[in-house]
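**Q** Generate a structure from the sequence data that follows.
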Amino acid sequence: MAADSEPESEVFEITDFTTASEWERFISKVEEVLNDWKLIGVSSGKPLEKGIYTTGTWEEKSDEISFADFKFSVTHHYLVQEPSDKDGKEELAEDALPLPMQDLLCMNNDFPPRAHCLVRWYGLREFVVIAPAANNEAVVSESKCNLLLSSISIALGNTGCQVPLFVQIHQKWRRMYVGECQGPGVRTDFEMVHLRKVPSQYTHLSGLLEIFKTKIGCPLTPLPPVSMAIRLTYVLQDWQQYFWPQQPPDIDALVGGEVGGLEFGKLPFGACEDPISELHLATTWPHLAEGIIVDNDVYSDLDPMQAPQWSVRVRKADNPQCLLGDFLTEFFKLCRRKESTDEILGRSAFEEEGKEVADITHALSKLTEPAPVPIHKLSVTNMVHSARKKIRKHRGVDESPLNNDVLNTILLFLFPDAADKLADGFESRANTSAGNNPPPENEDYNLFSQFKSAPSDSLTYKLALCLCMINFYHGGVKGVAHLWQEFVLEMRYRWENNYLIPGLANGSPDLRCCLLHQKLQMLNCCIERKKARDEGKRGSVSDRSPGASGDGAKGAEHSADNPDKEKEFGKSWESWSDSEDEFFECLSDTEDLKGNGQENGKKGGAKEGNKEPVNLKPEGRLHPHGKLMLLHPGEPLYVPITQEPAPMTEDLLEEQSEVLAKLGTSAEGAHLRARMQSACLLSDMESFKAANPGCCLEDFVRWYSPRDYIEEEVVDEKGNKIIKGELSARMKIPSNMWVEAWETAKPIPARRQKRLFDDTREAEKVLHYLAVQKPADLARHLLPCIIHAAVLKVKDEEALEDISSVKKIIKQIISHSSKVLRFPNPEDKKLEEIIAQIMSVEAIIARARSLKAKFGVEKCENEEEKEDLQRFVNCLLEQPEVSVVGAGRGPAGSIIHKLFVNAQRLTESSDEVSAVPPLEEELRRSGCAEERRQGVQSEFPPPTGREVILRSAVPRPAPYSKALPQRMYSVLTREDFRLAGAFSADTTFF
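**A** Just a heads-up that it's a prediction; the model follows:
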């Protein structure tokens, strides 16, 4: 049995050679990808137009395949072209060369400025590259390279693909490719040489021609002509006398009375270093036949001044230091700070003299003290100095982050009224400060509503600019904390002494602005109310009635030309006391006013009202209505003096809405919510009752909400037509809010009512809010103002240069910023994107100015030449490479020539001082100086890049083979030397 089983066991050891190997699977995957991308068969396309490689659109498709465990990426690069609409040509040209082979000889797109390296080296419009998928992987060994080359050769043969296929070998930074292209009876091999050190025979044209002819190995005795294209690139790095005009602003000169590129209220702009680092001049000889010029190791005819084509590109400095960008970046860094103002500056600046610990009870006790004696007129400058003494008590002058001169200059800029000696002068200016705004239809002025910042002429906007400047030039966050402390002290002084804050629009807080601006407007409203109350108490008639700034008072439309209103206001505000508690105490001496003094004051008024007879004496009348009469007594209806609704900032509105929302949806909650919202209605009803004794709800509705009183003509018993009126349906609902409020309301004039707007409490809340702001919070509040200012600055600077691409970017910045800044607490990443966009625009404008200075655009007297130079500069900014009209003899070319000549003279003069170069180097450079054209060597430096393209149509490998395109590209730079050859052979007749 053992002997019988031996042959059977040998059967299982037979190897099945029909199973595909890893190599065969790899080839199959390559073919599959080529099929998927429809690269099979004859490739068709139009002849290439001149410059299409630069102006056209390049696209690519990628896929991933593997050879065993090694992954490769396959990428198809191609120029997007319109499909060929004539199929007849394809049939006629069936035996024609594949398009890639035709492209090898095309001269319309030599040296494209921006393209894949294989496009520049071989002039191809379409190709496929197989490269290791991982960046750190490489195909180094020769056997693996040959295996890959064999794989693509088989894949091309199996599929009939005519698109060149390349394999990337060696490390990726070397950009080494080998490849192949196959057509009917023809094949082109793409080969490459990359060296660090250049063999001396390949540094000139004659040596390159020799290697090209040797590689072709043409058997014909009269060698077909070789076409040549040569490009020499010269780099200008030293601009010598064209120093960068922008100098960093001198902040110290500003304090001394001089303005060196920087003013308070204006952001700086421009690059501190030249944003253009190099100018690359490419001199090209596009079509040269062999033998026309001589270029060998001892002599060269390649004079750049004689080159028929010049093209220029500029190399931009990497991240040039720009003033506006630095200001924005440093200010944005403040947003990430955690310290409070007290932590930064030490002990609290708000401690009173003689008090070591600030107690809130001491601050609140001031509210109940008797009114101070009338304030004598002081200059506002004295206010600032007296407030500042409290800070210096704890911190020496030398320790202050801001010195006196800078601080005084900033405070005078923020509060221009401080320069006035009399408070009257200040008052007149403060009241008109809001009238200097640009027209509302101005697009730039209204930008603040999109950014939620502040108007460009407001105090908040100026404060943001000053803080930004202080942060950059004077002590960073310490300087910011110091200035903010001074600002808060100034706000408190203005509140306590009834001085309006300049640079803020009158009226309620503008909800389109940032919260800090709203808070300052709220404080101004408080100062205005307090000032009017104090002036009324002293018996002086107000020049401006307290109701003039609001739009909520009823009958306001009649007050403009009615002198009675002003008199009435003067009388009514006369009896208002300095503090709220005193005011309510006067209504009922017996009531104890403690925690709820305001409420008890109201009750006292009610008791007083109940003691009055039914026919009360009318109080608080503004003027007769003129048209309406009271329904029952038949007397004229008087418009009462009413309280204005309380102004609100957005955080108060949000807080109020949250409180109302927490009341829930129950009936009790809805009722309570309605009562809370009807405080203004109740106040107006009480004022109306006091002004019109004996009135009814219908009278009030006719004046307050005429649409809720419906009138219609009816015929009475005698047949006469009379007008009869009644309340609307919603007013007749039982226990509705209007009826309840009317029954609750007592006849109390506005001057004796509980204040709807408690200016004392609101002002203290605002001042506390300002005092507890950390520098980071402050930066968050004011960042929209800084971005707003930066956008306006960029727009102004762009208007001087008129760069179309910058206009588009500015529109994008405004659109992006309005979306990001409209909502509270925007993400840091989005804010950084906005700042980066502004910095890019600043760099573009700085580059434009740098190029204008270098090319002398402004100095050019000939208008036509000036326009050409301006156009040339704009093209340099927007295009990768710009051709110079007239080459070295045109207006731009002559300027470029002078730049190189001056730079070369400077180099030669410095070389004389330096050590003498070695003899061999000197001989190599000089060559046969008598044979060279005079001055050529000194006018231009040695070229940093030499590119040569050699082309020919030669039969290979036999004399009777088909004439096929042969091409070799050579590039020589200081770092390396590269030869890229494409050599075609006839596979039918060989």
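**Q** Pull the contacting residues for the residue nearest in space to the middle of the chain.
**A** Nearest residue to the geometric centre of the chain (CA atoms, centre = their mean): residue 834, 2.9 Å. Neighbouring residues of residue 834 by CB atoms under 8 Å, 6 or more residues apart in numbering: 787, 813, 816-817, 820. Glycine gets a C-beta too; all of them are placed from N, C-alpha and C.
**Q** likewise residue 798?
**A** 806-807, 810, 841, 845.
**Q** In which helix or strand does it reside?
**A** helix 775-801 (DSSP states H and E).
**Q** In that helix, which residues have enough neighbours to count as buried?
**A** 775-795, 797-798, 801 (16 or more other CB atoms under 10 Å).
**Q** After it, which helix or strand is next?
**A** Criterion used, DSSP H and E; the element after helix 775-801 is helix 804-821.
**Q** and the angle for that following helix with helix 775-801?
**A** 160 degrees (axes from the mean of the first three to the mean of the last three CA atoms, to 10 degrees).
**Q** Output the contacting helices and strands for the lengthiest strand in the chain.
**A** As assigned by DSSP state E, the longest strand anywhere in the chain is strand 276-289. Applying 3 or more CB pairs under 8 Å, 6 or more residues apart in numbering; DSSP states H and E, one finds that strand 276-289 makes contact with strand 227-236, strand 309-316, helix 828-855, helix 891-913.
**Q** Model confidence score at residue 569, please.
**A** We have a pLDDT of 34 for residue 569.
**Q** In the stretch 701-850 of the chain, where is pLDDT below threshold?
**A** 719 (pLDDT under 70).
**Q** go with 90
**A** Counting by pLDDT under 90, the stretch 701-850 of the chain contains low-confidence ranges at 701-766, 769-784, 792-832, 840, 843-850.
**Q** quick one on the thing from earlier: ok, and for the longest strand of the chain, which residues are buried?
**A** Under 16+ other CB under 10 Å, the buried positions of strand 276-289 are 276, 279-286, 288.
**Q** do the same with stretch 42-56
**A** 43, 45, 48, 52-53, 56.
**Q** Ok, stretch 749-764 next?
**A** Here stretch 749-764 shows 749-760, 762-764 as buried, counting by 16+ other CB under 10 Å.
**Q** now stretch 103-112
**A** Buried-residue list, stretch 103-112, by 16+ other CB under 10 Å: 103-106, 109-112.
**Q** do stretch 500-517 as well
**A** Quick answer for stretch 500-517 (16+ other CB under 10 Å): 500-510, 512-517.
**Q** picking that back up, want to try TSV for the buried residues of strand 276-289, with pLDDT as columns?
**A** TSV is the format used below for these (pLDDT from 0 to 100):
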residue	pLDDT
276	84
279	88
280	91
281	92
282	93
283	93
284	93
285	93
286	91
288	89
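**Q** JSON lines for those residues, including distance to residue 27?
**A** Shown next, in JSON lines, are the buried residues of strand 276-289 (distance: CB to CB, whole Å):
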{"residue": "276", "distance to residue 27": "51"}
{"residue": "279", "distance to residue 27": "49"}
{"residue": "280", "distance to residue 27": "44"}
{"residue": "281", "distance to residue 27": "48"}
{"residue": "282", "distance to residue 27": "42"}
{"residue": "283", "distance to residue 27": "46"}
{"residue": "284", "distance to residue 27": "42"}
{"residue": "285", "distance to residue 27": "44"}
{"residue": "286", "distance to residue 27": "41"}
{"residue": "288", "distance to residue 27": "43"}
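**Q** Out of these, the closest to residue 743 would be?
**A** Nearest to residue 743 out of the buried residues of strand 276-289 is residue 276 (CB to CB; 81.2 Å).
**Q** which one is the closest one nearest to, not counting chain neighbours?
**A** Spatial nearest neighbour of residue 276, excluding adjacent residues (CB to CB, 6 or more residues apart in numbering): residue 850 at 4.7 Å.
**Q** The one you found reaches residue 275, doesn't it?
**A** Yes. Taking contacts as CB atoms under 8 Å, residue 850 lies within contact range of residue 275: 5.6 Å.
**Q** This protein - how does it break down into domains?
**A** 22-82+97-218+956-986, 228-320+811-910+941-948, 622-759 (the TED database).
**Q** Tabulate those domains (CSV), appending distance to residue 526.
**A** Below are the domains of the chain laid out as CSV (distance: least, CB to CB, whole Å):
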stretch, distance to residue 526
domain 22-82+97-218+956-986, 63
domain 228-320+811-910+941-948, 24
domain 622-759, 4
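**Q** For residue 410, find the nearest of these.
**A** domain 228-320+811-910+941-948 (6.5 Å).
**Q** Please give the centre-to-centre distance between that closest one and its chain.
**A** Domain 228-320+811-910+941-948 sits 24 Å away from the centroid of its parent chain (CA atoms, centre = their mean, to the nearest Å).
**Q** So what would you say the end-to-end distance of it is?
**A** 7 Å (CA to CA, to the nearest Å).
**Q** Quick check: residue 108 vs residue 27, distance?
**A** To residue 27, residue 108 is 36 Å away according to CB to CB, to the nearest Å.
**Q** again, but for residue 465
**A** In terms of CB to CB, residue 465 sits 68 Å off from residue 27.
**Q** Comparing those two, which residue is more hemmed in?
**A** Taking other CB atoms under 10 Å, residue 465 and residue 27 do not tie; residue 465 has more neighbours (23 against 20).
**Q** Give me the subset of the buried residues of stretch 500-517 lying in helices.
**A** 515-517 (DSSP state H).
**Q** Now distance to residue 343 and pLDDT too, for those residues, in CSV please.
**A** Shown next, in CSV, are those (distance: CB to CB, whole Å; pLDDT from 0 to 100):
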residue, distance to residue 343, pLDDT
515, 23, 89
516, 21, 89
517, 26, 89
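**Q** If I look at residue 631, what pLDDT would I see?
**A** pLDDT at residue 631 comes out at 77.
**Q** In contact with it, which residues?
**A** So residue 631 contacts 696, 698-699 (CB under 8 Å, 6+ apart).
**Q** Could I have the buried ones of these as ChimeraX selection syntax?
**A** Buried members of the contacts of residue 631, defined by 16+ other CB under 10 Å, are picked up in ChimeraX with:
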select :698,699
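**Q** Tell me the one of the contacts of residue 631 nearest residue 721?
**A** Closest to residue 721, out of all of those and judged by CB to CB, is residue 698, at 20.5 Å.
**Q** Hmm, that closest one is touching residue 727, no?
**A** Yes. Contact criterion CB under 8 Å: residue 698 and residue 727 qualify, at 6.3 Å.
**Q** Touching both of those two, which residues are there?
**A** In contact with both residue 698 and residue 727: residue 709, using CB under 8 Å, 6+ apart.
**Q** picking that back up, which one of the helices and strands packed on strand 276-289 lies nearest to residue 643?
**A** helix 828-855 (41.9 Å).
**Q** who does the next helix or strand after the closest one touch, helix- and strand-wise?
**A** Following helix 828-855 in sequence order, the next helix or strand is helix 863-878 (DSSP H and E). With contacts taken as 3+ CB pairs under 8 Å, 6+ apart, helix 863-878 sits against strand 309-316, helix 804-821, helix 828-855, strand 882-884, helix 891-913.
**Q** Would you reformat these as CSV and include distance to residue 876?
**A** Putting the helices and strands packed on helix 863-878 into CSV (distance: least, CB to CB, whole Å) gives the following:
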stretch, distance to residue 876
strand 309-316, 5
helix 804-821, 12
helix 828-855, 6
strand 882-884, 5
helix 891-913, 10
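**Q** quick one: which of the ones you listed is nearest residue 460?
**A** Of the helices and strands packed on helix 863-878, the one closest to residue 460 (CB to CB) turns out to be helix 804-821, at 14.4 Å.
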